[in-house]
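K.L.:
Predicted model and sequence below, questions to follow.
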Amino acid sequence: MMRPQQKRRKEQQAFLEKIKKGQSVVTVGGIHGKIYEVVDDLVTVETDSKGSKITLSKSAISIESTKMQYLQRKKS
């Protein structure tokens, strides 16, 4: 892998290891939500105010929502 890819991969691994309840995240499929529960390699994401929840593998979490919003503003 190229150096920038290695750096990004390490950042992603560190993010997934530190993931905790209440964080706003975006999945690789584009679903936005808040972490409801973390158990081993499984994460339950609350997707709306009505309490809908999805259980996913940690690897399906792409990025923290606040970081994604920052990156989108930076592009504009």
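P.N.:
The structure has been received and is ready for your questions.

K.L.:
Could you find the closest non-adjacent residue to residue 45?
P.N.:
Spatial nearest neighbour of residue 45, excluding adjacent residues (CB to CB, 6 or more residues apart in numbering): residue 33 at 4.0 Å. Any C-beta I mention is one placed from the backbone N, CA and C, and that applies to glycine too.

K.L.:
show me the contacts for that neighbour.
P.N.:
Contacts for residue 33 were tallied using CB atoms under 8 Å, 6 or more residues apart in numbering; they are 24, 25, 27, 45, 46, 47, 48, 54.

K.L.:
Looking at these, which are in strands?
P.N.:
If you go by DSSP state E, the contacts of residue 33 have 24, 25, 27, 45, 46, 54 in strands.

K.L.:
can these go into CSV with extra columns for pLDDT, distance to residue 61 and neighbour count?
P.N.:
Formatted as CSV, these follow (pLDDT from 0 to 100; distance: CB to CB, whole Å; neighbours: other CB atoms under 10 Å):
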residue, pLDDT, distance to residue 61, neighbour count
24, 90, 11, 15
25, 91, 5, 23
27, 90, 6, 18
45, 95, 8, 23
46, 95, 13, 17
54, 95, 11, 15
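
K.L.:
Tell me the one among those residues nearest to residue 63.
P.N.:
residue 25 (7.1 Å; CB to CB).

K.L.:
Who is that closest one paired with across the strands?
P.N.:
residue 33, residue 64 (DSSP bridges).

K.L.:
counting residues per helix, which one in the chain is longest?
P.N.:
helix 3-17 (DSSP state H).
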